[in-house]
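Student: below are the sequence and a predicted model for it; my questions follow.
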Amino acid sequence: MKSAAAWLLPGEERGVLPAMLVVLTVVTGIVDSVSFLGLGNVFVANMTGNVVFVGFALAGVTEPSLWASPLAIASFALGAWATGRVARRVSFAAFTLVHLGLLVAAVLVLAGPGAEAVVIVLLALGMGIQNASVRHTGIPDMTTTVLTTTLTGLVADSPGTANRRRAASILAMFTGALIGGFLHLRVGDAAALAVAAVLLAAVSVVLVRLSG
């Protein structure tokens, strides 16, 4: 883990945190693939996509849900807002544990019929918490949920350490989406979210040990 952190942030003492952010980006890819493929064309981490989907729905396009995207946006915003209010007093490890609890709850709720709205709320709340708490780590180019600026920097800037972080983030998101899509098609959404929960649990254990 230390070598991975050094590769992502050479010359800076960040411990294993950069590597943990890469894992969180994989989690994002899995969770967004489940929400889009299994919950009706809605994202729980990519709010840019949801804003566009709301515009489509209002224009009369029937595939994007008129209620799912606003629900995801509101839930994500609530998670980010709550995190921002207490970020200076609560550790990153604690936020990750809360996110893990929401993800586990989503896995359990998903097993029941007609639970799409609840699952969207739980997942989007968790991703809002993740996005807001990651901002306070101060690690550049590793938001774990957004890639547009990351991709722009990768192709527009000269090669260097920053581009390593950007490339790692893009590859991690792709890997998560690939895993989520594969499991959605062959096993089911609950299994995909369970894999995301295992990854998030591993990150939580590492962060708790570091903070302790």
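Tutor: Nice, I can see it.
Student: from here on, contacts and neighbour counts on C-alpha atoms
Tutor: Noted.
Student: residues contacting the residue nearest in space to the middle of the chain?
Tutor: Nearest residue to the geometric centre of the chain (C-alpha atoms, centre = their mean): residue 28, 3.0 Å. Shown in contact with residue 28 (C-alpha atoms under 8 Å, 6 or more residues apart in numbering): 45, 127, 144-145, 173, 176.
Student: pretty sure residue 163 sits against residue 156.
Tutor: No. Using C-alpha atoms under 8 Å as the test, residue 163 is too far from residue 156 to be in contact (9.9 Å).
Student: just list the residues touching the closest residue in space to residue 172 that isn't next to it in sequence, thanks.
Tutor: Residue nearest to residue 172 in three dimensions, not counting chain neighbours: residue 26, with 4.9 Å by C-alpha to C-alpha, 6 or more residues apart in numbering. Contact analysis of residue 26 by C-alpha under 8 Å, 6+ apart lists 172-177, 196.
Student: who wins for neighbours among those?
Tutor: The most crowded member of the contacts of residue 26, judged by other C-alpha atoms under 10 Å, is residue 196 (27 neighbours).
Student: which phi and psi values does it adopt?
Tutor: Main-chain dihedrals, residue 196, degrees, to the nearest 10: phi -60, psi -40.
Student: among the contacts of residue 26, which ones are in helices?
Tutor: 172-177, 196 (DSSP state H).
Student: of all those, which two lie farthest apart?
Tutor: 174 and 196 (14.0 Å; C-alpha to C-alpha).
Student: so the residue nearest to the centre of the chain is in which element?
Tutor: helix 17-38 (DSSP states H and E).
Student: cool, residue 120 as well?
Tutor: Element membership for residue 120, per DSSP H and E: helix 116-135.
Student: okay, the angle between that helix and helix 17-38?
Tutor: Interaxial angle, helix 116-135 versus helix 17-38 (axes from the mean of the first three to the mean of the last three C-alpha atoms, to 10 degrees): 160 degrees.
Student: for helix 116-135, buried residues please.
Tutor: By neighbour count with 16 or more other C-alpha atoms under 10 Å, helix 116-135 contains the buried residues 116, 119-134.
Student: follow-up on the earlier one: list the buried residues for the helix or strand just after the helix holding residue 28?
Tutor: Remark: after helix 17-38, the chain's next helix or strand is helix 47-59, criterion DSSP H and E. Buried residues in helix 47-59, counting neighbours by 16+ other C-alpha under 10 Å, are found at 47, 50, 53-54, 56-57.
Student: wait, which of those is closest to residue 96?
Tutor: residue 47 (19.9 Å).
Student: sorry, back to before: pull the helix holding residue 28 out as PDB, backbone CA atoms only.
Tutor: Extracted C-alpha coordinates of helix 17-38, given in PDB (Å, rounded to 0.1, in the frame of the first residue of the first chain):
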ATOM      1  CA  LEU A  17      -4.900   7.200   1.900                       C
ATOM      2  CA  PRO A  18      -4.400   7.600  -1.900                       C
ATOM      3  CA  ALA A  19      -4.700   3.800  -2.400                       C
ATOM      4  CA  MET A  20      -7.900   3.800  -0.300                       C
ATOM      5  CA  LEU A  21      -9.300   6.600  -2.500                       C
ATOM      6  CA  VAL A  22      -8.600   4.400  -5.500                       C
ATOM      7  CA  VAL A  23     -10.700   1.600  -3.900                       C
ATOM      8  CA  LEU A  24     -13.500   4.000  -3.100                       C
ATOM      9  CA  THR A  25     -13.500   5.000  -6.800                       C
ATOM     10  CA  VAL A  26     -14.000   1.300  -7.700                       C
ATOM     11  CA  VAL A  27     -16.900   1.300  -5.200                       C
ATOM     12  CA  THR A  28     -18.400   4.200  -7.000                       C
ATOM     13  CA  GLY A  29     -18.200   2.400 -10.400                       C
ATOM     14  CA  ILE A  30     -20.000  -0.600  -8.900                       C
ATOM     15  CA  VAL A  31     -22.700   1.400  -7.200                       C
ATOM     16  CA  ASP A  32     -23.500   3.600 -10.200                       C
ATOM     17  CA  SER A  33     -23.700   0.600 -12.500                       C
ATOM     18  CA  VAL A  34     -26.200  -1.000 -10.200                       C
ATOM     19  CA  SER A  35     -28.300   2.200  -9.900                       C
ATOM     20  CA  PHE A  36     -28.300   2.800 -13.600                       C
ATOM     21  CA  LEU A  37     -28.800  -0.700 -14.900                       C
ATOM     22  CA  GLY A  38     -31.000  -2.000 -12.000                       C
END
